[in-house]
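J.: Using only what follows, build the 3D model:
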Amino acid sequence: MSQGKVLLVDDNEDFLDILSERITSKGLEVETAESGTAALANPSLGSYDAVILDLVMPGMDGIETLKKMLAANPELQVILMTGHASLEKGIEAVKLGAMDFLEKPAEIQSLMEKIKEAQAKKMLLVEKKNEDKIREIVFTKGW
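T.: Alright, predicted model coming up:
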């Protein structure tokens, strides 16, 4: 049984294959997208426990992809990764709602810890959303 679901978004196919294999070996279900556009077109985008998103990609970069992902799925937990780390971009990403920012190549253990954190955060957000929905139903129905 899968211990969670992760989406990897990176324009480097070799990197996607290697990282996907490493995360899968840790018991997680992994899907990949080779661009921000492909990731945003994924019909199950909101169902991932974490999205590992490359910052530097041709076309739509990681920051633009992040903005669009979170606009559509505010509870989505996004971890940005880049080989072109810059503190300013990392800070910008976190201010925009990214959960965290890691440099490539990230230690698999560090990445797995971030994914576990993402799962916990998402679970709390979903629970709160459900509680709010129940509260709204109770108050509008007058039970």
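
J.: who's in contact with the helix or strand of the chain with the lowest mean pLDDT?
T.: Every helix and strand in the chain was compared by mean pLDDT, DSSP states H and E; the lowest is helix 87-95, with a mean of 83. With contact meaning CB atoms under 8 Å, 6 or more residues apart in numbering, helix 87-95 is reached by 55, 62-63, 66, 80, 82, 100-101. In short, each C-beta sits where N, CA and C put it, glycine included.

J.: Nearest to Ser25 among those residues?
T.: Asp100 (21.7 Å; CB to CB).

J.: ok, and the closest non-adjacent residue to the closest one?
T.: Distances taken as CB to CB, 6 or more residues apart in numbering place Ile79 nearest to Asp100, at 5.0 Å, with adjacent residues excluded.

J.: how near is that neighbour to Glu131?
T.: 26 Å (CB to CB, to the nearest Å).

J.: go on, Glu107?
T.: For Glu107, the distance to Glu131 - CB to CB - is 36 Å.

J.: in what helix or strand does the residue nearest in space to the middle of the chain lie?
T.: Nearest to the mean C-alpha position of the chain, by CA atoms, centre = their mean, lies Val51 at 2.1 Å. Assigned by DSSP states H and E, Val51 belongs to strand 50-54.

J.: now the strands for this protein?
T.: Under the criterion DSSP state E, the chain contains strands at 5-9, 29-33, 50-54, 78-82, 100-103.

J.: any idea of the mean pLDDT for the helix ranked longest in the chain?
T.: For the chain, the helix with the greatest residue count under DSSP state H is helix 108-141. Helix 108-141 carries an average pLDDT of 92.

J.: so what does that helix touch, helix or strand wise?
T.: helix 13-24, strand 50-54, strand 78-82, strand 100-103 (3 or more CB pairs under 8 Å, 6 or more residues apart in numbering; DSSP states H and E).

J.: Just name the closest of the contacts of helix 87-95 to Glu117, please.
T.: The nearest one, if we look at these relative to Glu117 and count by CB to CB, is Asp100, at 7.6 Å.

J.: Show the contacting residues for the closest one.
T.: Per CB under 8 Å, 6+ apart, neighbours of Asp100: 79-80, 94, 114, 117.
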